[in-house]
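# Task: produce atomic coordinates for the following.
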Amino acid sequence: KAKAEAEAKAAATALPPPMERKADWRAYTGTDLGGRCRIRVYFSTTTHSVIIRKNTEMLQSLLESKQVHKRPDFEPWIPLDMDMDKEQRDKIFEKAGTRQSPMLFVDDEYVGGFAEVMELNETGALDKILDY
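Residues are numbered from 1 along each chain as shown. You can find the predicted model right below:
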């Protein structure tokens, strides 16, 4: 009985799924990139770096293995290229603290680039972040 009561209490206080939350469900810091309650990946389509292209492919494979691309709060990959307004691109780079792509943002907060995301995945922390 105690277990059932604890589960009922947890369910009553649980947050709704991210896509059903109001954009101000928590306090935000820094520049608003428009990605609140969303999962976004920024990448470059014009890089000449084989390493960056390979890292982007591997990050995409990792996220697909976690079915992130099927979630309603996932936005399709966003290119950081000439089609994007320079001011918006600079805001993304500033918030991330890097110009290196790919970049994963969850709920409008920078999670990391390829190496950081892979490390988070190895430690199990990525799943917790994706369950924001």
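# Report the buried residues of stretch 42-62.
42-44, 47, 52-53, 55-56, 59-60, 62 (16 or more other Cβ atoms under 10 Å). Just so you know, the C-beta spots here come from the backbone N, C-alpha and C atoms, and that holds for glycine as well.
# roughly how far is it from the heart of the chain?
Relative to its chain's centre, stretch 42-62 lies at 16 Å (Cα atoms, centre = their mean, to the nearest Å).
# Repeat that for stretch 113-124.
Counting by Cα atoms, centre = their mean, stretch 113-124 comes out at 12 Å from the chain centroid.
# List the ones among the buried residues of stretch 42-62 that fall in strands.
Among those, the members falling in strands (DSSP state E) are 42-43.
# okay if I get the buried residues of stretch 42-62 as a markdown table plus distance to residue 84?
Output for the buried residues of stretch 42-62, formatted as a markdown table (distance: Cβ to Cβ, whole Å):
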| residue | distance to residue 84 |
| --- | --- |
| 42 | 9 |
| 43 | 11 |
| 44 | 10 |
| 47 | 14 |
| 52 | 17 |
| 53 | 18 |
| 55 | 20 |
| 56 | 16 |
| 59 | 19 |
| 60 | 19 |
| 62 | 24 |
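# among the buried residues of stretch 42-62, which one has the lowest pLDDT?
Within the set of the buried residues of stretch 42-62, pLDDT is lowest for residue 47 (89).
# Report the separation between the residue lying closest to that residue once chain neighbours are set aside and residue 46.
Excluding its sequence neighbours, the residue lying closest to residue 47 (Cβ to Cβ, 6 or more residues apart in numbering) is residue 53, at 6.3 Å. Using Cβ to Cβ, to the nearest Å, residue 53 is found at 10 Å from residue 46.
# Give me the below-cutoff pLDDT ranges for the protein.
4, 6-19, 21, 23, 25 (pLDDT under 70).
# now the helices for it?
When secondary structure is read from DSSP state H, the chain shows helices at 2-13, 50-65, 86-96, 114-123, 125-130.
# Could you dump those helices into TSV and include distance to residue 37?
Shown next, in TSV, are the helices of the chain (distance: least, Cβ to Cβ, whole Å):
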stretch	distance to residue 37
helix 2-13	19
helix 50-65	17
helix 86-96	16
helix 114-123	20
helix 125-130	13
